[in-house]
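Enquirer: coords below, sequence missing:
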């Protein structure tokens, strides 16, 4: 085989360089304008750069810079790579229930036992002391008796796209299926 012969795989186009026959629809092979990204004959959209077919589910982008030669042209997310930026995490506090109903029941049972053995006043004091004081101490050492607030942190990130040609922001476009 001759060394001067190059195949399509030997020659890798530069990033953002258009590929394929520009005057032919890559899907049906009919003639289209070289600047087209839509074929009126087969009703298909294709990427302006790599010329691959784009479906409504694909991420479709177009340059928003009016001075750029790619302005308004559909580009797929494989040709126009995204940039993911981590943002400040979303933080909120979520209340968690405590075990106060069980602690109330234990305090009532102990207070009833004290009332049975002694007086009503001693039973009331035993209830208050056990429920509030001992419950407060148990809450202070880390047991969740009366409820807590739990701090929840949700990480956030955003995806931005820039034009392959001019590096200005590109916008997402949704392709609606033809009726």
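Expert: Perfect, thanks for sending it. Remember, predicted model here, so these are calculated numbers, not experimental data.
Enquirer: surely residue 45 and residue 52 touch.
Expert: No - Residue 45 lies out of contact with residue 52 (CB atoms under 8 Å); the separation is 10.1 Å. (Glycine included, C-beta is placed from N, CA and C.)
Enquirer: who has more neighbours out of those two?
Expert: Per other CB atoms under 10 Å, whichever of residue 45 and residue 52 has more neighbours is residue 45, with 21 against 15.
Enquirer: how about the more buried one: what's its closest non-neighbour residue?
Expert: Closest residue in space to residue 45, ignoring its immediate chain neighbours: residue 54 at 4.5 Å, by CB to CB, 6 or more residues apart in numbering.
Enquirer: tell me, how many residues neighbour the one you found?
Expert: Neighbour count for residue 54, taken as other CB under 10 Å: 21.
Enquirer: could you number the chain from 291 rather than 1 from now on?
Expert: All right, first residue 291 from here; so that's residue 344.
Enquirer: what sits against it?
Expert: 334, 335, 336, 337, 350, 364, 366, 465 (CB atoms under 8 Å, 6 or more residues apart in numbering).
Enquirer: same deal with residue 394?
Expert: Counting by CB under 8 Å, 6+ apart, residue 394 has contacts residue 421.
Enquirer: and it, how far from residue 357?
Expert: 72 Å (CB to CB, to the nearest Å).
Enquirer: next one, pLDDT for the residue nearest to residue 335 please.
Expert: Note for residue 344: predicted pLDDT of 84.
Enquirer: also residue 304?
Expert: pLDDT for residue 304: 55.
Enquirer: any weak-confidence spans in this structure?
Expert: 291-307, 466-469 (pLDDT under 70).
Enquirer: next one: the biggest helix by length in the chain to chain centre, how far?
Expert: Longest helix in the chain, counting residues (DSSP state H): helix 390-407. Chain-centre distance of helix 390-407: 50 Å, with CA atoms, centre = their mean, to the nearest Å.
Enquirer: I'd like the next helix or strand past it.
Expert: In the C-terminal direction, the helix or strand that comes right after helix 390-407 (DSSP states H and E) is helix 410-418.
Enquirer: hmm, who's touching that following helix?
Expert: Applying CB under 8 Å, 6+ apart, the contact partners of helix 410-418 are 397, 398, 400, 401, 402, 404, 405.
Enquirer: likewise for stretch 453-469?
Expert: Residues outside stretch 453-469 that contact it (CB under 8 Å, 6+ apart) are 305-306, 333, 335, 339, 344-346, 348-355, 357-360, 364-365, 369-370, 450-452.
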